[in-house]
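> here's a sequence, model it:
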Amino acid sequence: MKIVEYVTPLGTDGRRRTRHIREQKSIIGFVVQYEMEIKNKWYQLLDTTVLMVLLIKTN
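A predicted model of the protein is given here:
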């Protein structure tokens, strides 16, 4: 299992955090968060967590 995370700046006080979990060639988990800096502290404003369970077996 491999976890990959990216943080993308959005303006001067916002950022998007994207994380996906991969098992072999399949994405098994995916998260996108929107964070905003308020008074020098980062706050999570939106967290869309989508866990994908793949029931497809490749032979």
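> skipping its backbone neighbours, what lies nearest Arg16 in space?
In space, Arg16 comes closest to Thr8 once its chain neighbours are excluded; the distance is 4.7 Å by Cβ to Cβ, 6 or more residues apart in numbering. The C-beta positions use only the backbone N, C-alpha and C, and glycine is treated the same way.
> quick one: the strands in the protein?
Secondary structure of the chain (DSSP state E): strands at 2-10, 14-23, 26-38, 41-51.
> can you redo these as CSV with mean pLDDT and mean neighbour count?
What follows is those, written out as CSV (pLDDT from 0 to 100; neighbours: other Cβ atoms under 10 Å):
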stretch, mean pLDDT, mean neighbour count
strand 2-10, 94, 10
strand 14-23, 91, 14
strand 26-38, 88, 14
strand 41-51, 75, 10
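> and the residue nearest to Arg16, how far from Lys25?
Per Cβ to Cβ, to the nearest Å, Thr8 is found 24 Å from Lys25.
> cool, and Leu45?
On the measure of Cβ to Cβ, Leu45 and Lys25 end up 33 Å apart.
> cool, and Ile38?
40 Å.
> please name the bridge partners of Lys2.
Arg22 (DSSP bridges).
> show me what contacts it?
Ile21, Arg22, Glu23 (Cβ atoms under 8 Å, 6 or more residues apart in numbering).
> if we go to 10 Å?
By Cβ atoms under 10 Å, 6 or more residues apart in numbering, the contact list for Lys2 reads His20, Ile21, Arg22, Glu23, Gln24.
> for Lys25, grab phi and psi.
Lys25 adopts backbone torsions of phi -100, psi 10, taken as degrees, to the nearest 10.
> how close does it sit to Met1?
12 Å.
> where do the contact lists of the two overlap?
Contacts common to Lys25 and Met1, judged by Cβ under 10 Å, 6+ apart, are absent.
> correct me if wrong: Arg15 contacts Glu5.
No. Applying Cβ atoms under 10 Å as the test, Arg15 and Glu5 come out as separate, 11.9 Å apart.
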